[in-house]
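Asker: next input, structure requested:
(chains A, B and C)
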Amino acid sequence: MAPTPIDPSGVACSEFLPDPGLSRAEMESLQRKLATTATFADDHGVDPAAVAIDEPADLTDGLPGARQETLSGTHAEGDDAGDSDAPVVVGIDQAFLTPEDGEERAVSAAVAIRDGDVIEYASATTPLSIPYVPGLLAFREGEPMLAALDTLSVEPDLLVCDGSGRIHFREAGVATHVGVLLDVPSVGVAKSLLCGAPDEPTDERPAGWQTPIRADESVETAGVGGGAADGDTAAPVIGHAYQSRQYPNSRRVNPLYVSPGHRVSPATTVEFVDALCAGYKLPEPTRIADAYADAAKRDAA
DNA sequence: GCGACAG
DNA sequence: ATCTTGTCGC
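Answerer: The predicted structure follows:
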């Protein structure tokens, strides 16, 4: 099914499509508009405990098989599919094909997980028309992501994106773009900080540790209403640094930088990521999508 | 002008 | 993101 031309929020999807003709200023303008449309508060009805993953997937011997959904009209008891009432979490990641001579292509890989098990894989290979520019990542990778998500048969209750959401110069990272366009709850998980500042230093923190990331001078806050002179108001929390894993000694692990994409609050974003991590630095949906993207890339090559 | 910046 | 083997440490 083709992407909806206009999403429920009133943002025209066509404006979002990668367009080499769009100037940088125009793309930035669209992001400000998108940020105004985005919701950085909880509006999802998904309990973090309901999406928790306890056992990490074993990726040393290939990808985990997708468990078949029960296809019969009625619920079957005792089949090997998980709880079909549990929320569906979709992790998505990209890999790239850059031939010496040919055109650059993106391989988008989406993994749907329910009740701790992979229930579906979906990927799409798309030509890229825009180079990577910090702050404009969504205009490069957003379309490929939508293409992969479009082939999924299940509806995501929560989307876990690679990269930032609200932690962005205009509060419109790729997780926000995709979340708003599909009007699905989404969070962004980044391995490095794009902008903003942590309340506390993030070095050598134990697993489970977190600290708020607040908007700094480089962040244009969309906010609500007119221009209130924020003289002594604390800068808004746009995300968190979250230490998902740490080694007992020596070698240090950097924290993740997690932020709301759409319809999720900063605090709940951390809860989701915490629940989705199962012993590795990256949350399982992202970790599996990452492996799937590499596999799909090999097949495409 | 310099810095600085997800994937 | 991508180009890439071995290697230090739990």
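
Asker: rest of the way, CA atoms for contacts and neighbours
Answerer: Fine.

Asker: pretty sure residue A:110 is touching residue A:125, no?
Answerer: No: applying Cα atoms under 8 Å, one finds residue A:110 not in contact with residue A:125, separated by 11.8 Å.

Asker: those two: which has the busier surroundings?
Answerer: residue A:110 (33 against 21; other Cα atoms under 10 Å).

Asker: give me the three-state assignment for that one.
Answerer: Counting by DSSP: H, G, I helix; E, B strand; the rest coil, the backbone at residue A:110 sits in strand.

Asker: how much space between it and residue A:289?
Answerer: Counting by Cα to Cα, to the nearest Å, the separation of residue A:110 from residue A:289 is 6 Å.

Asker: tell me, what's touching those two both at once?
Answerer: Counting by Cα atoms under 8 Å, 6 or more residues apart in numbering, the shared contacts of residue A:110 and residue A:289 are A:91-93.

Asker: contacting residues around residue A:160?
Answerer: A:89-92, A:175, A:186-189, A:285-286.

Asker: pretty sure residue A:273 sits in a strand.
Answerer: No: using three-state DSSP, the secondary structure at residue A:273 is helix, not a strand.

Asker: show me what contacts it?
Answerer: Residues in contact with residue A:273, defined by Cα under 8 Å, 6+ apart, are A:258, A:283.

Asker: repeat for the one 10 residues further on
Answerer: Residues in contact with residue A:283 (Cα under 8 Å, 6+ apart) are A:273-274, A:276-277.

Asker: now these as a markdown table including distance to residue A:51 and pLDDT?
Answerer: Below are these laid out as a markdown table (distance: Cα to Cα, whole Å; pLDDT from 0 to 100):
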| residue | distance to residue A:51 | pLDDT |
| --- | --- | --- |
| A:273 | 10 | 98 |
| A:274 | 10 | 97 |
| A:276 | 7 | 98 |
| A:277 | 10 | 96 |
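
Asker: using TSV, please lay out those residues together with distance to residue A:210.
Answerer: Shown next, in TSV, are these (distance: Cα to Cα, whole Å):
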residue	distance to residue A:210
A:273	12
A:274	10
A:276	16
A:277	14
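
Asker: thanks a lot, see you next time.
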